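**Q** Pasting the sequence and the predicted model now:
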Amino acid sequence: MRTAYTSEAIRTAEAPLLADGVPLMRRAARAIAERAAAVVSERRAAGVNAEVLVLVGGGNNGGDGLWAAYELADFGLAPRVLLAHEHPHAEGLAAARGAGVKIDQLADVDDVAAYAGRFGIWLDALAGIGLSGPLSEPLAGLIDALAAERERAETFVLAVDCPSGLSDDPGASLAIRADETITFAALTPALLLPPACRLIGRVRVENLGIELVGAPAAIELGAVELRASFPRARHLDHKYTRGVVGIDAGSETYPGAGLLATRAALAAGPGMVRFLGEEGVARLIIPAMPEVVTAPGRIQAALIGSGTEGGPRIAAALADFLARDIPVVADAGALTCVSEAARDRGALILTPHLGELATLLGCERADVEADPVRYARQAAERFDAVVVAKGPETVIVEASEPIVTIPPASPYLATAGSGDVLAGVLAATLAQFAARAEAGETVPALSYQAGIAAQLHASAVAHCPSAPGPIRALDLAAGIALALGATMEP
Ligand SMILES: NC(=O)C1=CN([C@@H]2O[C@H](COP(=O)(O)OP(=O)(O)OC[C@H]3O[C@@H](n4cnc5c(N)ncnc54)[C@H](OP(=O)(O)O)[C@@H]3O)[C@@H](O)[C@H]2O)[C@H](O)CC1
Ligand SMILES: [K+]
């Protein structure tokens, strides 16, 4: 599991070491310089420009850059420094100067893009976690110019602590795209969550001996957490201790969604699946999945809406599920029936793709795509719900919980029916955790459970016969069972 902490949490954690005189900056600078030296060697061997430019801002991030220049000079690599602030880190500047590093002032450079374009490797030490608010001038303009130049040239950009401009806000987008980021102590949310995380390249955390305590701001759940957390059958289990899930999905217009969600729910291993949707869809399900029960009865979680267009029946069924005080996944058509937070009801889990999230909130899709975390948060607050925002990345928001994401998944998941499969897996997973909670066990937060289900869904791609190419949602549903089985291998 990868975690991200706010810049404030990182500052709090590093403070006692700084107070004790631990040379954190020198450690940081050394890590940067060692990686930069390796890139110099790689690029020299490839016969491409390996000249190093260190872009230095006015704070300690710039101090890291200046000390890294000092280290590189010590390695005999003759880096160049561009000072982009009138008050650079004094000790680092003195050290770089003392090591013979050539230092230029931004004010003396006519065309910064042309100047920087002469160097094949940039160390971006303009700003780190000390950014206060959105980037302002002159730094914003400088970053904008350099960001364009790096896309034009074959520059290798190594970000110091973060691409300057990215820190706590995953919605930040003005930064110099990095090939690699070496970050100190811990990731910040912008380095783990979209769209900012798309600008960081390969990221490495240099802990520097800084221990982060307390709840992270964001967590990324992967195969290890899936294997460790997914409820497994036990000797004394029966159907209800395994978890029973109710599915109301599919319609005359989209019958397949009902089959996919139901098949996926079965594959995720609950004690029983009750199909509680339209008669016409049930008639298609039973011959293919005779173990599915169509009689009403006790359930511990529900899914409603996949493959439907909403309307009074769905709205009534949603209200009925919620009145049973169980976790209810509202997908697709059911999202049109969700109203402001209705109290005294079961937990509501919304599973919109980014377009549906925009419709739910009455805003533009482009705005949601530019900052999915912000809008998922808005929906979570407005509807008192857990929101599983489905986009190129998965973002799961629940009030008072770390934001949950999963590692980058196959783009082939963006195919018809994949959302129905995820909805079925999610509801069946919640039912199994709910059964454990009924038995008095401690279970993780719903957003964590949803992250586990999303990771199971993503890992099922590898079990599709056509992987790693285009996949069928029906194969994906079958892959769920194989993926789950793979987590149980000794
Ligand atoms: N403390 C340590 O020994 C260690 C710190 N690490 C490194 O330090 C940075 C954090 O350094 P900090 O000095 O807090 O601030 P930064 O260098 O990240 O940023 C300050 C510079 O950014 C400019 N700034 C700030 N906000 C904005 C904004 N909204 N728009 C434009 N420019 C902004 C600021 O300019 P001013 O004119 O406002 O002064 C500064 O130029 C951390 O990221 C690490 O890299 C270590 O590595 C660990 C040890
Ligand atoms: K930086």
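**A** Received, thanks. Ligands and ions are numbered 1, 2, ... in the order given.
**Q** if we look at stretch 229-237, which residues are touching it?
**A** Here stretch 229-237 makes contact (Cβ atoms under 8 Å, 6 or more residues apart in numbering) with 241-243, 269, 271, 429, 432-433, 435-436, 444, 448, 452, 456, 484, 487-488. (Glycine included, C-beta is placed from N, CA and C.)
**Q** among the residues you listed, which ones are buried?
**A** By neighbour count, with 16 or more other Cβ atoms under 10 Å, the contacts of stretch 229-237 hold 241-243, 269, 271, 429, 432-433, 435-436, 444, 448, 452, 456, 484, 487 as buried.
**Q** So which of these belong to helices?
**A** If you go by DSSP state H, these have 241-242, 429, 432-433, 435-436, 448, 452, 456, 484, 487 in helices.
**Q** The helix ranked longest in the chain packs against which elements?
**A** In the chain, with assignment by DSSP H, the single longest helix is helix 24-46. For helix 24-46, the elements it packs on are helix 7-19, helix 60-74, strand 121-125, strand 156-160, strand 180-184, strand 202-206, judged by 3 or more Cβ pairs under 8 Å, 6 or more residues apart in numbering; DSSP states H and E.
**Q** can you state the direction angle for whichever helix or strand comes after it and helix 24-46?
**A** Scanning forward in sequence from helix 24-46 by DSSP states H and E, the next helix or strand is strand 52-56. Inter-element angle recorded for strand 52-56 and helix 24-46: 150 degrees (by axes from the mean of the first three to the mean of the last three Cα atoms, to 10 degrees).
**Q** R298 - nearest residue in space that isn't next to it in sequence?
**A** Using Cβ to Cβ, 6 or more residues apart in numbering and skipping the chain neighbours, the partner closest in space to R298 is V244 (6.2 Å).
**Q** Tell me the bridge partners for the one you found.
**A** M272 (DSSP bridges).
**Q** What degree of burial does it show, as a neighbour count?
**A** Under the neighbour criterion other Cβ atoms under 10 Å, V244 is assigned a count of 25.
**Q** Same question for E137.
**A** By the criterion of other Cβ under 10 Å, E137 has 8 neighbours.
**Q** any idea how far H89 is from it?
**A** Applying Cβ to Cβ, to the nearest Å, the value for E137 to H89 is 21 Å.
**Q** if I look at the closest residue to ligand 2 within the chain, how far off is V81?
**A** Nearest to ligand 2, among the residues of the chain, is S164, at 4.0 Å (Cβ to the ion). S164 sits 15 Å away from V81, going by Cβ to Cβ.
**Q** if we can go back for a sec, and of the ones in helices among the buried ones among the contacts of stretch 229-237, the nearest to G280?
**A** Distances from G280 to those, taken as Cβ to Cβ, are shortest for T429 (27.3 Å).
**Q** what's the closest one in contact with, if anything?
**A** Contacts for T429 (Cβ under 8 Å, 6+ apart) come out as 230, 268, 449-450, 452-453, 456.
**Q** Which of the helices and strands packed on helix 24-46 sits closest to R345?
**A** Nearest of those (Cβ to Cβ): helix 7-19, 33.9 Å.
**Q** what inclination does that closest one have with respect to strand 180-184?
**A** Counting by the same axes, to 10 degrees, helix 7-19 lies at 60 degrees to strand 180-184.
**Q** now for helix 7-19, which elements pack on it?
**A** When contacts are defined as 3+ Cβ pairs under 8 Å, 6+ apart, helix 7-19 sits against helix 24-46.
**Q** The helix it packs on: how far from the chain's middle?
**A** 28 Å (Cα atoms, centre = their mean, to the nearest Å).
**Q** Quick check: mean pLDDT of it?
**A** Across helix 24-46, the average pLDDT comes to 98.
**Q** now do stretch 376-385
**A** 96.
**Q** thinking again about what came up before, return the per-residue confidence for the residue nearest to R298.
**A** Value for V244, per-residue pLDDT: 98.
**Q** now do E154
**A** On the pLDDT scale, E154 is placed at 83.
**Q** domain assignment for the protein?
**A** When the chain is parsed with automatic domain parsing, its domains come out as 2-216, 223-488.
**Q** per-residue confidence at the closest residue to ligand 1 within the stretch 251-400 of the chain?
**A** Closest residue of the stretch 251-400 of the chain to ligand 1, Cβ to the nearest ligand atom: D371 (17.5 Å). D371 is assigned 98 on the pLDDT scale.
**Q** how many neighbours does the closest residue to it other than its chain neighbours have?
**A** Take D371 and drop its neighbours on the chain: the residue closest to it by Cβ to Cβ, 6+ apart is G171, 3.3 Å away. Residues within reach of G171, counting by other Cβ under 10 Å, total 18.
**Q** tell me what the regular element (helix or strand) spanning I247 is packed against?
**A** In this structure, I247 is located in strand 244-248 according to DSSP H and E. Strand 244-248 is packed against helix 255-267, strand 272-275, strand 301-304, helix 312-323, helix 418-438, with contacts defined by 3+ Cβ pairs under 8 Å, 6+ apart.
**Q** could these be laid out in TSV, adding mean pLDDT and distance to F156?
**A** As requested, these are exported to TSV (pLDDT from 0 to 100; distance: least, Cβ to Cβ, whole Å):
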stretch	mean pLDDT	distance to F156
helix 255-267	98	43
strand 272-275	98	52
strand 301-304	98	47
helix 312-323	95	52
helix 418-438	98	36
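**Q** Does E309 belong to a helix, a strand or coil?
**A** Here E309 is coil, with the state taken from DSSP: H, G, I helix; E, B strand; the rest coil.
**Q** Can you check the pLDDT for it?
**A** pLDDT for E309: 95.
**Q** who are the neighbours in contact with it?
**A** By Cβ under 8 Å, 6+ apart, the contact set of E309 is 251, 253, 333, 336.
**Q** Check the gap between it and I32 for me.
**A** To I32, E309 is 54 Å away according to Cβ to Cβ.
**Q** now Q105
**A** According to Cβ to Cβ, Q105 stands 22 Å off from I32.
**Q** before we move on, what about D420?
**A** As defined by Cβ to Cβ, D420 lies at a distance of 47 Å from I32.
**Q** ok, these two, which is more surrounded?
**A** Set D420 next to I32 and count neighbours by other Cβ under 10 Å: D420 wins out with 30 against 27.
**Q** these two touch, right, that one and A264?
**A** Yes: the pair D420 / A264 is scored as a contact, 7.2 Å apart, by Cβ atoms under 8 Å.
**Q** doesn't S167 fall inside a helix?
**A** No: assigned with three-state DSSP, S167 falls outside any helix and is coil.
**Q** Give me the distance between it and G141.
**A** From S167 across to G141, the span is 19 Å (Cβ to Cβ).
**Q** which one of those two has more residues nearby?
**A** Counted by other Cβ under 10 Å, S167 and G141 do not tie: S167 has more neighbours, with 24 against 13.
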